[in-house]
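> The sequence and its predicted three-dimensional model are supplied below.
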Amino acid sequence: MLEPKSSKCSSDAFRVLAVIVLYQMQPKESAAYRTLMESKSDLQQGQDGIRILLYDNTPGGGDPGTLPEGVRYKAAEQNMGLAVAYNYALSMAQREKCTWLLTLDQDTTLPQNYLSRMSKLAIDLDSDNKIAAIVPRLTDAGRPLSPASIGVWGEKQFSADFVGIARGETRALNSASMLRVNALRKIGGYDPYFWLDYVDISMYRRLYLYGWKVYVAGDIHVKHELSLLHRADIKTDRFQNILRAESAFCDLYDGRIRGFVLTGRLLGRMWRQKKRGDSVAIRQLTWNALKRRLLQSRTRRIQDWKSETGHRMSCSLGAAQCGELSTNRSPISVCMAAYNGERYIVAQLQSILSQLAVEDEVIVVDDASTDGTRDRVRSLRDCRIQLIEHSRNLGVSRTFEDAIRKVKNSTIFLSDQDDLWVADKVSTVLHAFRQHPEANIVVSDAALIDDKDAPVEPSYYARRGRFRSGVLANVFRCSYLGCTMAFRSSILPKILPFPTGADVLHDVWIGTLNSLTDGKTLYVDRPLVLYRRHECNATGNKRLSMARQIRIRWDLCRSLAIFWLDSHRANDK
C-alpha cells in the first residue's frame, strides 16, 4: 500500500479541474453537477483543490443561473461534441496547473464520498507518474459498463471486486474518469475526429500505445445512464455516427482479426435489430455499414470517414470558432509548401481550417506537383485558402519562402502537407506569444504517427534530444522542426531572403538567425502536431552521408557569417 503524502503535497497532488458537458439542460437539472457539489462538500480542509467547468454544448448556451465560487460556465456557439469540450478543459487545466482532469457526463450520479476517495487515490498514486487514469466502476441499472480489459477478440468487464493497476490494455467511459493532465498533454489531447462517439475509447487506446497505465478503483461505484442502451431513444444521425466511429476506430487501431470480429458483430446486430423490430432506417444504416466493411478497402473507408468528419469540423467547428476568435485575437497566416501531397493534404488542411477565424489565411504554394494535389486543395472551396502554383519544381525552402512573402498577418505558422494539427494548436501557440511578448518564435513538441495515423512515438524531442535554440547547438545538431514553428512577422526583414546556393533548410535558418540576432525562442513542451513519417517524406527518412552533413553545417555557418558581416557593414554606413 502506498504511503500518503504530507498535507502540502496532498493539496498539490489533487489540483483537479472537473468538466461537466451539458446539452439542453441547466446545471441545476444535471445529476452530475448536483452530486459533484454534494461530494465536494465532503472534502476535508486542505483537499479542496477542485475547480469546476460547466461546458454547455447547447448552441448559444443558456442561463446557468447563479453559480457558486469556483464554478465557471462556457457556452459553445454550436454543438461541437465532446472532444472540443474536453480539449478546451484540458487547456484550462494546463493554464491553472491542475494535475488531474475529471470528465463528467451530465446524467452521471456520483456517490457521496466520490471526491474524497478519488482525492486519496490521486495523492497515493501521484508518485507513479505512469498512471494516466483512475477509473471507478460504472453501472447502468445494475448493468456493468466500465472499465473493461481488451483482448484479441474483444473486451471483458473487470470483476466487481477488482482494485488496482490493470494489466494490459484497458478502456473506460469518459464519465467519472480522472485523467492525469500530463498524460493527456503527451498524447496530444482528445482526437477531434472522434468528436463524440469513441472519443473515450480512442483516447484510452492512445494512452495504452504510449505506455500509460490505468488504475481501476472497482470499489467506487458510480451510476451512469448510457443512452446507447436505451435504443428506443436513439436518433438515426447519432446511430450513423456511432457506426462510422466504430468502423474508423477498428480501421485505425485494430488488426485484421478484430476487423473480422467487427464484421461478424454487424451481422449479429442486423439479426437482433430485425428480431426486435427496430425501425427500417436503423436497420438500413447497419446494412450500409456492413456493405462498406465488405466492399470497400480499409484505406477508402478511412479517407471517406476523415473527409466527412473534416467537412463537419470545417463547417461547424470552424464557423463557431471564427465568431469567437475574430473578437479575441489578431489574424494569423499559415504557410504550407506542397508537392505531390494528394493523399494527406485535405486532412491536414481540415485540421488547420477548423481552428481558424474568417480573417485568417492559409497560403499553399504547390511546387509543380504531378499528382492531384492542386485539385484536392481547390475541392475544399474555402476562401481562406490562397493557392499559388509553381510552373517548375524549386524545392522546399524556395517554396516556403514564396509562401512567407505572401503573408499579410502578424503571426505566421509553418505547416507541412502531410501532418495533422492538434485541436488547440493555434490557441496554445497564440497564448504562448501573449504570455511572452519578448519571444519571436514559438516551437512545440510533436507526436509521431505513421501513414495510417497510428501513433509511433509520443514525442519527437524525446527521441531527437531536448530542444535547444542556440546557434552553436544547431550547427552541431539541428533542433528546429519547421512544422512545429510559428513566428512573428517582425523578423521577416532579417530572415528573408533565404540563403541561395547553400544547402540550408528554411527552419534551421529562421531559428538560428533569430538566435544570432539575440531573438528569443520559446519551446512548448507538448505535442501540437501529429508528425507523419512515411516513405514519401521530403526530409528525415534517410541518414545523410557524412559529406552531406559536413556541407550542410559549412553552408549554415557561411550563410550566418555573410549575414553578420552584411548587417555590420550596413550599420557602419
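Cool, the structure landed.

> Please count neighbours and contacts with C-alpha atoms only from this point.
Will do.

> What are the structural domain limits within this structure?
7-229, 231-295, 305-569 (automatic domain parsing).

> what residue lies at the spatial centre of the chain?
For the chain, the residue nearest the mean C-alpha position is Val422 (3.6 Å; CA atoms, centre = their mean).

> So that one sits against Thr484, correct?
No: between Val422 and Thr484 there is no contact under CA atoms under 8 Å: 11.0 Å.

> my read: Pro136 touches Ser175, true?
No: with contacts counted by CA under 8 Å, Pro136 stays clear of Ser175, the gap being 9.4 Å.

> Identify the contacts common to Val422 and Thr484.
Jointly contacting Val422 and Thr484 under the rule CA atoms under 8 Å, 6 or more residues apart in numbering are Leu528, Val529.

> Need the distance between the two termini of stretch 194-201.
Using CA to CA, to the nearest Å, the end-to-end distance of stretch 194-201 comes out at 9 Å.

> contact partners of it?
By CA under 8 Å, 6+ apart, stretch 194-201 touches 80-84, 171-174, 190-191, 202, 241-242, 245-246, 249.

> next one: it to chain centre, how far?
Put simply, stretch 194-201 sits 12 Å off its chain's centre (CA atoms, centre = their mean, to the nearest Å).

> got it, and stretch 349-356?
From the chain centre to the centre of stretch 349-356 is a distance of 12 Å (CA atoms, centre = their mean).

> got it, and stretch 72-79?
Distance of stretch 72-79 from its chain centroid, counting by CA atoms, centre = their mean, is 19 Å.

> Which positions in that stretch come out as buried?
Using 16 or more other CA atoms under 10 Å as the burial criterion, the residues of stretch 72-79 that qualify are Tyr73, Lys74, Ala75, Ala76, Glu77, Gln78, Asn79.

> For stretch 95-110, the averaged confidence score.
In this model, stretch 95-110 has a mean pLDDT of 93.

> For it, give me every contacting residue.
12-23, 30-33, 35-36, 39, 86, 89-90, 93, 174-182, 222-225.

> 6 Å instead?
Outside of stretch 95-110, the residues within contact range by CA atoms under 6 Å, 6 or more residues apart in numbering are 15-22, 30-32, 35, 174-181, 222-224.

> For the protein, give me the ranges with low pLDDT.
The chain contains residues with pLDDT under 70 at 1-13, 44-48, 227-233, 310-328, 534-544, 546, 568-573.

> So in terms of bridging, what pairs with the closest residue to Cys483 other than its chain neighbours?
Spatial nearest neighbour of Cys483, chain neighbours left out: Ser415 (4.7 Å); criterion: CA to CA, 6 or more residues apart in numbering. Beta-bridge pairing of Ser415 under DSSP bridges involves Met336.

> Can you get me a residue count around Ser415?
Per other CA atoms under 10 Å, the neighbour tally for Ser415 reads 27.

> Check Ala217 too.
21.

> and it, backbone torsions?
phi -90, psi 70 (degrees, to the nearest 10).

> Could I get the CA-only coordinates of stretch 211-223 as CSV?
The C-alpha trace of stretch 211-223 is given here as CSV (Å, rounded to 0.1, in the frame of the first residue of the first chain):
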residue,chain,number,x,y,z
GLY,A,211,2.8,3.0,-22.3
TRP,A,212,0.5,4.7,-19.7
LYS,A,213,-1.3,2.6,-17.1
VAL,A,214,-4.9,2.7,-15.7
TYR,A,215,-5.8,2.3,-12.1
VAL,A,216,-9.2,0.6,-11.6
ALA,A,217,-11.0,1.8,-8.5
GLY,A,218,-13.5,-1.0,-8.6
ASP,A,219,-14.8,-0.4,-5.1
ILE,A,220,-16.1,3.1,-6.1
HIS,A,221,-19.5,2.6,-7.7
VAL,A,222,-20.9,5.3,-9.9
LYS,A,223,-24.4,5.2,-11.6
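
> gap between that stretch and the chain center?
The answer for stretch 211-223 is 24 Å, by CA atoms, centre = their mean.

> before we move on, what about stretch 167-176?
19 Å.

> Also stretch 151-167?
How far stretch 151-167 lies from its chain's middle: 27 Å, per CA atoms, centre = their mean.

> Buried residues of it, list them for me.
Judged by neighbour count (16+ other CA under 10 Å), stretch 151-167 contains these buried residues: Phe158, Val163, Ala166.

> Show the end-to-end separation of that stretch, please.
With CA to CA applied, stretch 151-167 spans 11 Å between its terminal residues.

> what are the phi and psi values for the closest residue to Asp371 other than its chain neighbours?
Spatial nearest neighbour of Asp371, chain neighbours left out: Asn340 (5.5 Å); criterion: CA to CA, 6+ apart. When read as degrees, to the nearest 10, the backbone of Asn340 gives phi 50, psi 50.

> thought Asn340 was touching Ser369?
Yes: proximity of Asn340 to Ser369 meets the contact threshold set by CA atoms under 6 Å, at 4.9 Å.

> what helix or strand is Ala486 on?
strand 485-488 (DSSP states H and E).

> Using CSV, list the CA coordinates for that strand.
Output of strand 485-488 as CSV, limited to C-alpha atoms (Å, rounded to 0.1, in the frame of the first residue of the first chain):
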residue,chain,number,x,y,z
MET,A,485,7.2,26.6,-35.7
ALA,A,486,5.4,29.8,-35.6
PHE,A,487,6.9,33.3,-35.6
ARG,A,488,6.2,37.0,-35.6
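
> what helices or strands is that strand leaning on?
Packing partners of strand 485-488 (3 or more CA pairs under 6 Å, 6 or more residues apart in numbering; DSSP states H and E): strand 411-415, strand 439-449.

> What lies in contact with that strand?
By CA under 6 Å, 6+ apart, strand 485-488 touches Ser410, Thr411, Ile412, Phe413, Leu414, Asn440, Ile441, Val442, Val443.
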